[in-house]
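J.: Curious how this folds, go ahead:
(chains A and B)
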Amino acid sequence: MLLPFTSDARVTLNAIADGILPLHSWYAVKTGTNCDDCRPSRLGVVEFIEGLIRQWDPSGPASIWSKRVTNLQADPLSSSPIVDPVGWRRSRGLDPGVAFEVAGSGNLGSDRMRFYETYLPVAITCAKARLPGRPPWPDDELERFGQELFERRCPNWPAGTGLDSKEFVSGLLLDVVAALMSMQGIRSPRPFALLEAMNQNRRVGNRFTVAYADVAVAAFKRELDRTMGW
Amino acid sequence: MAEIWDFVVVGSGGGGGTIAWQLAKSNFKVLLLEQGRDPAPHMSGPVSIGHAGAFDTSYHDEYGIYMNRPDRFVRLRGAYNTFTDAEDGGNNAEAFDGGWVAATLGGGSATWGGWSYRALPIDLNLATHFKSQNLGGETQLDWLSRQGYQVADWPIGYGDLAPYYRIAEALFAVGGDREAINRSIANSDWYPWLKSQPHFGSEAHWLLRSPFPKPAYPLTPVGHLVAEIMTRGGGMASAPMPASLVHPSETEQGYDTRTYLQAAINAWQQESGDPLPAFWRDGAEKLWSARRRQPCNMCGYCGGYICWGAGGPKSGTLTTTLQEFRDRDNAELRTDSFVYEIIVDPQTGRATGVRYLDISKPEHPRQEVVAARYVIVSAGAIQSARLLLMSGPGRGLGNQSDQLGRNVTFHVFGLTTEAALASRFDGLVHGELGHTGSTTSYGPYFLRDDVGVTGHPGSWWKVGTLSSTARKNPLSESGARFPKRVGRGFLDDMSKHNRAFHIRMTGDDLPHRDMRVTLDRSRVDEYGFPVARITRGFFANEKKALFPLTKSLFERMMHNFDAALDGQPVIKDRAAVKLFGDHQHGTCRMGDDPAKSVVNRNCQLHEAKNVFVVDSSFLPTGLGVPPMFTVVANALRVGTWITEQMRPGGELN
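T.: Got it, this is the predicted structure:
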């Protein structure tokens, strides 16, 4: 049972999230302003991931589709309405052998349940060995840990599992970024922390006016003219 | 006795959704089948502009749209293509990720970015043009033919399309600055040269006097920057990009389509000495409801998204003709209807209806058959070709001359220069504002080879329009999907992305004998039907002319902007441009000669006159502009022709 996440799972995900997306320390360097609340671990990342996983509930559409893909790969013509699909194919000069390759098309979706089911136990084992004691750990240590995982050189990543630490942190990073863009209504104390730090104004529910655009263009033009010496 | 429809229309995008309305409005019994679902049922009800439910934030879910397959609405579940590079022969199963095709009600016109260009007259007679150009002792057409290109003139002239472009601009509430567009054409390097050519035609078709229905969409910082680059760097006149979005400054009462439609009809009547076709003589009061459309709020979720405004700020069939279509008692819309065969009577060779799967419960598809006097296909250039290949005799319906699926083109749309501004512009770029584009230019519609990169110094080559594109979605475009690094470095990358912009060439690739859509020999979709296999390559015209000339233009444009940039601009060349571009056209070429084309000038299959194809498949050659607007205009043209033919006492053959 993957959900609810165990305490170990939450600690591990939060630690790695803070390490691979150290928004708080990046923002502090950029602005000179402390932003301890910008840590992914404080911004609802784990809740967001739990939400993604719930979409892959065995009775959910994504999970049903995934199973159907497995069946179609075994019997690609099982849903054909053509009475004699082999004869029909022959009449059109097509091969008798068929394959359903939607998985190769990228049109399958990323099964977050399977992803975390697969990687979390290994990641927890790794984190426990790599980060002794209890949180909070030093920021630098978390960032080093994240780098090691991404670069496949973490000595504590269990050998012989066939699992790739880079694939894990890449998948997790995508979920963390998505969580911090606050697109799915996860409650968070600072729902747009990442976007704010980036000076990125794209938000769910945005509304602007012509006047806003005019002001934006004028400010941009001033800086461009100054830079270019026009 | 089974019901017999006058018309069954397959596909509800720019072509199908438009003509379905026109035929239903003409009192024909019309059944519209759309394989996708209705993504925006809130739009089908009465809308009170400005009320609390006028916007629905769920349409801003970037994770859902870009990541959470297979439930995203852009692509039908289980649909994919196989792609073959004509040069290396590879054969990969992939989604058609480029382009504004969508398996959803409204099709690509529901998810497009609203870029509303008209083609230029030269687009319709490129063969004649190339034939008039000397290229080292042979004509440019002969040179292209030797390289395998199959360039053809259209069987219709620009004048045949012009009034329908104007109608389309009214229906789609297009905002633009015609004088600026005219300047970008007339002040280009190529215009004086082309004007001296015997096939130039009437200047009135090049430099239009009629204004757009609405003023240009507000300029954005990226649009301003690119206008400066085009003008100061490229020596080109820029113009606001014509956009199909109800102008943000529209009154609270909203856009009144009737008013602008009537104005377009009146202008057509004024310019035409003859009586207008009967359909249009009815006037806007009879043709269109009093429904009004709410102004765009510039939220920035346009290209790739269903507009979140229930009152239809972004134009497309979903927010225009399909709304009117649904008002009709003689018309019916069925979504989740995947058409897999046009039924043909082997005795007469005529279509008698279609077979489709009701996939509203996708694991339990239900087979349906409908009978119709006429079938209109508009499933997108790839899927229309596939449907026809799966219909009729073994070779496919409409494929008597082995032309079906040939001459497919995609534009060379990844031909861009990409750059990020210096950190001092942090927070000033505002890529979030409005639609993806902002500024355009017809300046490079033709480029001259001044230094002989093509081997023919002084020769002119067809290229296309330039457009500014703002970076919108930090999730899909900042590298989050395929990170190069993690930690602070990744955040630096994201931050730089926020200052990035692209200048994009809609490069006109020419149809080539080796580019074709066929049925994949072994791969099938969820319902066991062969998927479309797309074969494409870049050939001499792209390699020797389009790539190097565009690269040279980009280098010249960006040359003096180093001070404003963070690093060097990345100019994409052959190696970086995706083989399969964003648009798709040309699989059912329109022409008078059945041996060299699939449909005639009225978009009827040569082989089965009661089957029409009205999506971008009909284009004999690609354009130097996005095709949506030409598809809509052409659908109006064909719809008008049909209604004229079928007036009381008349009959289509």
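J.: sec struct for residue A:68, please.
T.: helix (DSSP: H, G, I helix; E, B strand; the rest coil).
J.: In the worst-scoring helix or strand of chain A on mean pLDDT, which residues are buried?
T.: Least confident element among the helices and strands of chain A, by mean pLDDT, DSSP states H and E: helix A:102-105 (a mean of 75). By 16 or more other C-beta atoms under 10 Å in any protein chain shown, the buried positions in helix A:102-105 come out as A:102, A:104, A:105. Where you see a C-beta, it was placed from the backbone N, CA and C, and this is true even at glycine.
J.: any chance of these in a markdown table, with distance to residue A:111 too?
T.: What follows is these, written out as a markdown table (distance: C-beta to C-beta, whole Å):
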| residue | distance to residue A:111 |
| --- | --- |
| A:102 | 13 |
| A:104 | 15 |
| A:105 | 15 |
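J.: Stretch A:105-125 close to chain B?
T.: Yes - residues of stretch A:105-125 contacting chain B under C-beta under 8 Å from any C-beta of the partner chain: A:105, A:106, A:107, A:108, A:109, A:110.
J.: among those, who's most crowded?
T.: residue A:107 (25 neighbours; other C-beta atoms under 10 Å in any protein chain shown).
J.: Where does it sit, in terms of helix or strand?
T.: Using DSSP states H and E, residue A:107 falls within no helix or strand.
J.: re earlier: check what contacts the least confident helix or strand of chain A and list those residues.
T.: Helix A:102-105 is contacted by residues A:69, A:72-73, A:108, B:78-81, B:92-95, B:525-526 when judged by C-beta atoms under 8 Å, 6 or more residues apart in numbering or on different chains.
J.: Apply 6 Å and report the result again.
T.: Helix A:102-105 is contacted from outside by A:108, B:78, B:80, B:93, B:94, B:95, using C-beta atoms under 6 Å, 6 or more residues apart in numbering or on different chains.
J.: Dump these to TSV, plus pLDDT and secondary structure.
T.: Below are the contacts of helix A:102-105 laid out as TSV (pLDDT from 0 to 100; DSSP: H, G, I helix; E, B strand; the rest coil):
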residue	pLDDT	secondary structure
A:108	72	coil
B:78	80	coil
B:80	83	coil
B:93	74	strand
B:94	73	strand
B:95	70	coil
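J.: Stretch B:323-338 vs chain A: in contact?
T.: No - judged by C-beta under 6 Å from any C-beta of the partner chain, stretch B:323-338 makes no contact with chain A; its nearest approach is 10.1 Å.
J.: Low-confidence ranges, the stretch 1-150 of chain B, go.
T.: For the stretch 1-150 of chain B, the stretches with pLDDT under 70 are B:1, B:42, B:44-53, B:66-73, B:96-99.
J.: Pull up the residues of the stretch 51-200 of chain B that are close to chain A.
T.: Going by C-beta under 6 Å from any C-beta, the residues of the stretch 51-200 of chain B near chain A are B:57, B:60-63, B:69-70, B:75, B:78, B:80, B:93-95.
J.: which of these lies closest to residue A:135?
T.: Lowest distance from residue A:135 to those (C-beta to C-beta) belongs to residue B:63, with 27.3 Å.
J.: Now name the helix or strand holding that closest one.
T.: Going by DSSP H and E, residue B:63 is in helix B:62-66.
J.: where does residue B:2 sit relative to residue B:27, distance-wise?
T.: 21 Å (C-beta to C-beta, to the nearest Å).
J.: ok so, going back, need the contacts of helix A:102-105 in TSV (columns: distance to residue B:521).
T.: Converted to TSV, those look like this (distance: C-beta to C-beta, whole Å):
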residue	distance to residue B:521
A:108	22
B:78	19
B:80	15
B:93	13
B:94	16
B:95	19
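J.: what lines up beside the next helix or strand after the helix holding residue B:63 in the sheet?
T.: Next along the chain after helix B:62-66, taking DSSP H and E as the criterion, comes strand B:81-85. Using DSSP bridges, the strands paired with strand B:81-85 are strand B:92-94 (antiparallel), strand B:530-536 (parallel).
J.: And for the closest residue to residue B:302 other than its chain neighbours, the neighbour number?
T.: Excluding its sequence neighbours, the residue lying closest to residue B:302 (C-beta to C-beta, 6 or more residues apart in numbering or on different chains) is residue B:435, at 4.1 Å. By other C-beta under 10 Å, 26 other residues sit near residue B:435.
J.: Correct me if wrong: residue B:435 contacts residue B:112.
T.: No - at 9.4 Å, residue B:435 does not count as touching residue B:112 under the criterion of C-beta atoms under 6 Å.
J.: Quick check: the residue lying farthest from the centre of chain A vs residue B:524, distance?
T.: What lies farthest from the middle of chain A is residue A:91; by C-alpha atoms, centre = their mean that is 45.9 Å. Going from residue A:91 to residue B:524 by C-beta to C-beta gives 15 Å.
J.: again with residue B:558
T.: Relative to residue B:524, and taking C-beta to C-beta, residue B:558 is found at 46 Å.
J.: Show me which of the two is the more surrounded one.
T.: More crowded of residue B:558 and residue B:524, by other C-beta under 10 Å: residue B:524, with 25 against 20.
J.: The more buried one: what's it in contact with?
T.: By C-beta under 6 Å, 6+ apart, the contact list for residue B:524 reads A:76, A:98, A:100, B:530.
J.: Now intersect these with the strands, please.
T.: Among the contacts of residue B:524, the members falling in strands (DSSP state E) are A:100, B:530.
J.: Closest to residue B:345 out of the contacts of residue B:524?
T.: Closest approach to residue B:345 among those (C-beta to C-beta): residue B:530, at 23.7 Å.
J.: Brilliant, that's me finished.
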